[in-house]
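> Pasting a predicted model and its sequence here:
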Amino acid sequence: MKTTFDIADNILTRSRGLAKREHVPLKELVEEGLLIVIQKHEAKPRHRVAPVTFKGNGLSAAFKGRGWGEIRDAAYEGRGS
């Protein structure tokens, strides 16, 4: 697949020099570099967030049976415009 992208002059110059010394097409170096970056990012362990829980008995009696919209509105009551 063909694509076009901008690359810093110094990186392109160094890459062309390396490709010439290694007797490989510049395309091969670009593909190799992208593959290394992809593998590095895929190998990173996903950060898992531990669930946050609070000891208690759930909603207070005033909010039992009420919808999220009502609970949210009460939480923000008196804050903002």
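Looks like it arrived, so ask away.
> what's whichever helix in the chain runs longest packed up against?
Taking DSSP state H as the criterion, the chain has its longest helix at helix 26-43. If you count contacts as 3 or more Cβ pairs under 8 Å, 6 or more residues apart in numbering; DSSP states H and E, helix 26-43 packs onto helix 9-22. For glycine as for every other residue, the C-beta is placed from the backbone atoms N, C-alpha and C.
> what's the distance between the residue of the chain positioned farthest from its centre and residue 16?
Most distant from the centre of the chain: residue 61, at 40.2 Å, with distances by Cα atoms, centre = their mean. Distance, residue 61 to residue 16, using Cβ to Cβ, to the nearest Å: 73 Å.
> just residue 44 next, same as before
For residue 44, the distance to residue 16 equals 31 Å [Cβ to Cβ].
> higher neighbour count, the two?
residue 16 (12 against 7; other Cβ atoms under 10 Å).
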